[in-house]
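J.: structure for the following, please:
(chains A and B)
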Amino acid sequence: MSEASPTSSESQSANRPRVNDVTISVATSNGTGSQSANLILMRSIFNMGIPVGAKNMFPSNIQGLPTWFTVRASAAGWSGRRRLIDLCVAMNEESVVDDIAQLPPGATLVLHKSLEKYAQRTDLVVHVVPFDDLVSGLVKEPKLSKLVVNMIYVGVVAHLFAIDMKEVERAIQRQFSKKASAAKINLDAATVGHVWAEANLPQSATHRLERMSATDGKIIIEGNQATALGLVFGGMTVLGWYPITPSSSVAEVTIDYLSKYRKDPETGKPTYAVIQAEDELASMAIVVGAGWAGARAATATSGPGISLMGELVGLAYFAEIPAVIVDVQRMGPSTGLPTRVSQGDIFSAYHLSHGDGKHPLLLPGNVRECFEFAAESLDLAERLQTVIFVMLDLDLGMNLWSSDPFEPIAKPIDRGKVLDEAQLAKVGSFARYKDVDGDGIPYRTIPGNPHPLAAYFTRGTGHTEAATYSEKAQDWKGNLDRLTRKFDTARTLMPRPVLKAATPGQVAEIGVIAFGSSDPAVEESRAELASQGMAIDYLRLRALPIDREVREFIEAHRVVYVVEQNRDAQLASILKAELPERATALRSVLLYSGLPADAQSVTEDIVRQESKEGRA
Amino acid sequence: MSHEAAAPPAAPKPTKAPALNRLSLDLKAYKGANSTLCSGCGHDSITNAIIKSFFEYGVEPHRVAKLSGIGCSSKTTAYFLSRSHGFNSVHGRMAAVATGSNMANHTLLNIGVSGDGDTASIGLGHFLHMVRRNPQLVYLVENNGCYGLTKGQFSATADKGSLQKGGAVNRMDPIDICALAIEMGCGFVARSFSGDAKQLNQLLKAAIAHKGTALIDVVSPCVTFNNHEGSTKSYPYARAHEELIHEVGFVPFFEEISVDYDAGTTQVVELHDHSKVVLKKLERDYDPTNRRQALELLSHAQENQLFLTGLVYLDPSMPSMAEQLDLGSEPLATLPAEKLRPSPTALAEIMETFK
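T.: Numbers count the residues shown, from 1 in each chain, chains lettered A, B, ... in the order given. Okay, the predicted model is just below:
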């Protein structure tokens, strides 16, 4: 991603169309089959070698409510959400008034003919398309027409921006590779749209897509799929889960790949076990029971599930049982926007459960890290004998992202400090909760170990080093202090943050810290701010607890903006607790609309806060 | 005793060697820490029955995983089999914790100890779903009809009309754990009494031999909070009302049956490991392999407030969770790392599908 690339239309000539820099929004209603048409539109652009990202903004509903799919093609590689839409395909009467109202002047509107009466704005380029007439020439069956009509707009958009119809065809063949008849009818529909548009509409005067080679060898994948692969390749052996949006596909895709790639080559038996539990309490109890008995166990959930898992997470913390929780974050409880993005579980996950307790969090910022961190989480859980959270969010987890293919994991699987029979015989003594190595991490044995010293009794909080029952003050406090030492060891084992200086080798006045799906928006915002003369260093946080680098970064800058997608400044409050002496230097940029993070909002907020200081 | 002191010194008695089981272990090898429960607690009798049964069956202690939730009953896993790993987990969640443990290592023998609060109230959902999955687990409910550790509140198994220590009357019908387990497809359902050591011993050994979930609901009086007049879970009440459905006998696989049983008075059911349950008829004609009859018996007992004990239902053929998961002979917990990570070629193949 080049930071020197032009990012605003001003730098381009007003007469010539902008090349490979367009944002398309398709407004339909849920359950009409628009998803495959939208994926084909996205992939057609990808096939032309143009970097492209997609965001599906869908309702908590199976059929009927409005849904939007945005496709952003960006030669510069910006993959965050863009607030301003260049072209809107309006197919849904329920949302059409708002869809039209929010378009910037000069934008193009492709409008279903039945919605023509809504086209009152004179500052838009409006193309009314007789979708119903066009589809009736193709299919008669109403249910099928409803599905196929979406492919017609793909043909129309292809014409407007000069998308190569050969690439549309390739994308259709790929989408319907197992169903030749479906491929044919969809291709026919796209062609009908394209032919009609060629005959009736001029090509876009403002935007154009041209072949490049930036996507050669790349993959397109969702964060949840990448996470699932991470669990499969990370050697997870037990999965206990309960369906919840937006995390369900983590478990579902994991199950798919487990069944294909995780059979013992000698016996043909599975090297894993999966249970869909009765609730999240049970999924976590399964993970804790399995981790205790020696499995590499994981679950995937979202905020409401995290709340339910709290008590068991507290037990796992004190009993020191390895466990992995993938949290695909969404908005709040109950009907609290389960299909909208948020990073609102940072604080609750970090401190989950009753009594004292802090848990390491992995914060992948792209699909590749979803894969790597999911695998790594299983090693960290066993190494640290504790609960590790892998914190995704809906944007990262459920939207499609372009990436280099994932590399095989080089590091061998780490089972941590486990004493088997022979090792125990050699050591000659065993106390389950004794800090032998000074790093706060004790040794453990796995049930079934026949050595006479191996067995111990696991209970929650009140225990001695030898795992016997105790309510003595010194035992209790000593154990808590050792757990603090263990947490300090965790600081050194977590993935390092990624540092990007505005000017290499120099320290700018302003720093920004962000994580997860905010990354593309923050990168784009930095480029915008740089063009306005504001240099900003960037630390992308990839894990909690923080270590030296984060501390030094915050100490080195006059002010550090912490960008996060929640209202309560959750990460900022954790950082302030770590560095109370720098609390006033930490400012928040908070995004909590439920929409994926966008660069413009970040830029505006930083500019606003800097101008208050008279610095911008 | 002064006359004994005056007696001539007796010749030293030959010390009797402790009895050994088929693994050459003595009973002591199956004991645990000292109990911290109230003196006379029914749970301690059950602990002794567990120690005796595991000893007699000759279970290797390190092959056992002990699991429990929270409550007086759940503490007892520390009081037996100190050479086995134990896990005193979370209130009401032991059924799910045991499910996970069984997934990780299905070659261990699990024993779970729960109470009526743990199983019939906070953990009822998990209990039922565990039964549906049928992991191997000897699941004991030490049922005293009250919450002992929080000082005597009614539990969901308290009988209608029974009295709390302070005189409060229980107005609700009890939950019958055994009936629910049969409804959910449990293949081994028994009811017993902590004061009936002989029956409990036979039932426990049969439960050890069962390949899936074996539920034993044991009425176990709480001497401190629920042993008064008006309680239907007290020692006097249970002693006066216990009625045996049949006489339960157990012949482990490693012993030959030397007697021919009269088919008219005795029913023999073979378990998965070729051990045999021998049921001798008493007053009633009862076939515990008949699911409908079992449910009818429990319903009849509930309606008439009868305390019937014995093996209520037995179906040794139910596939266990490990069988349903198609697990191999090596537990997942100890599979070598190289079997847990697909090859780089597999990853490359998957990556192609995303291009």
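
J.: so residue A:556 makes contact with residue A:506?
T.: No. Look at residue A:556 against residue A:506 with CB atoms under 8 Å: they stay out of range, at 10.7 Å. Every residue, glycine included, has its C-beta placed from N, CA and C.

J.: which one's more surrounded, those two?
T.: Comparing residue A:556 with residue A:506 by other CB atoms under 10 Å in any protein chain shown, the one with more neighbours is residue A:556, at 14 against 9.

J.: leaving out the residues flanking it, which one is nearest to the more buried one?
T.: In space, and not counting its chain neighbours, residue A:556 is closest to residue A:507: 5.1 Å by CB to CB, 6 or more residues apart in numbering or on different chains.

J.: doesn't that neighbour lie inside a helix?
T.: No. Counting by DSSP: H, G, I helix; E, B strand; the rest coil, residue A:507 is not part of a helix but coil.

J.: please report phi then psi for the residue in the stretch 51-200 of chain A that chain B sits nearest to.
T.: Going by CB to the nearest CB, chain B is nearest to residue A:174 of the stretch 51-200 of chain A, at 9.5 Å. Main-chain dihedrals, residue A:174, degrees, to the nearest 10: phi -70, psi -50.

J.: what about the strands in the stretch 201-350 of chain B?
T.: For the stretch 201-350 of chain B, applying DSSP state E, counting those that start in this stretch gives strands covering B:213-219, B:242-244, B:246-251, B:266-270, B:276-281, B:307-314.

J.: for stretch B:199-211, what is the distance to the chain centroid?
T.: Taking CA atoms, centre = their mean, to the nearest Å, one finds the center of stretch B:199-211 at 8 Å from the center of the full chain.

J.: ok, now stretch A:36-47?
T.: Chain-centre distance of stretch A:36-47: 20 Å, with CA atoms, centre = their mean.

J.: with stretch A:22-36 instead?
T.: Distance, centroid of stretch A:22-36 to centroid of chain: 21 Å (CA atoms, centre = their mean).

J.: give me the below-cutoff pLDDT ranges for chain B.
T.: The model of chain B has pLDDT under 70 over residues B:1-15.

J.: what residues does the closest residue in space to residue A:412 that isn't next to it in sequence make contact with?
T.: Leaving aside its chain neighbours, residue A:412 sits nearest to residue B:337 (6.5 Å; criterion: CB to CB, 6+ apart). When the contact criterion is CB atoms under 8 Å, 6 or more residues apart in numbering or on different chains, the partners of residue B:337 are A:235, A:412-413, A:415.

J.: can you flag which of those residues belong to strands?
T.: Among the contacts of residue B:337, no residue falls in strands (DSSP state E).

J.: hmm, back to that, between the strands of the stretch 201-350 of chain B, which one is nearest to chain A?
T.: strand B:213-219 (14.3 Å).

J.: return the angle between stretch directions for the closest one and strand B:307-314.
T.: 180 degrees (axes from the mean of the first three to the mean of the last three CA atoms, to 10 degrees).

J.: what about the residue of the stretch 1-150 of chain B found nearest chain A, which helix or strand?
T.: As assessed by CB to the nearest CB, chain A sits closest to residue B:100 within the stretch 1-150 of chain B, at 2.8 Å. Assessed by DSSP states H and E, residue B:100 sits inside helix B:94-104.

J.: quick one, longest helix in chain B?
T.: Ranked by residue count, the top helix of chain B under DSSP state H comes out as helix B:42-57.

J.: ok, and what's touching that helix?
T.: Residues contacting helix B:42-57 (CB under 8 Å, 6+ apart): B:21, B:25-27, B:29-32, B:35, B:37, B:61, B:64, B:72-73, B:76, B:79-81, B:111, B:140, B:142, B:144, B:194-195, B:197, B:200-201, B:204-205, B:208-209, B:218-223, B:235, B:252.

J.: from the residues you listed, which are also near chain A?
T.: residue B:61 (CB under 8 Å from any CB of the partner chain).

J.: residue A:48 contacts residue A:213, correct?
T.: No. Judged on CB under 8 Å, residue A:48 makes no contact with residue A:213 at a distance of 9.4 Å.

J.: so these two - more neighbours on which side?
T.: residue A:48 (23 against 9).

J.: what's the neighbour count on the closest residue in space to that one that isn't next to it in sequence?
T.: Spatial nearest neighbour of residue A:48, excluding adjacent residues (CB to CB, 6+ apart): residue A:211 at 5.0 Å. Neighbourhood size, residue A:211 [other CB under 10 Å]: 12.

J.: tell me the contacts of residue A:211?
T.: A:48-50, A:164.

J.: quick check: the spatially closest residue to residue B:173 that is not a sequence neighbour vs chain A, distance?
T.: Using CB to CB, 6+ apart and skipping residues adjacent in sequence, the residue nearest residue B:173 is residue B:160, 5.2 Å away. Going from residue B:160 to chain A by CB to the nearest CB, to the nearest Å gives 28 Å.

J.: residue B:160 contacts residue B:170, correct?
T.: Yes. Between residue B:160 and residue B:170 there is a contact under CB under 8 Å: 6.1 Å.
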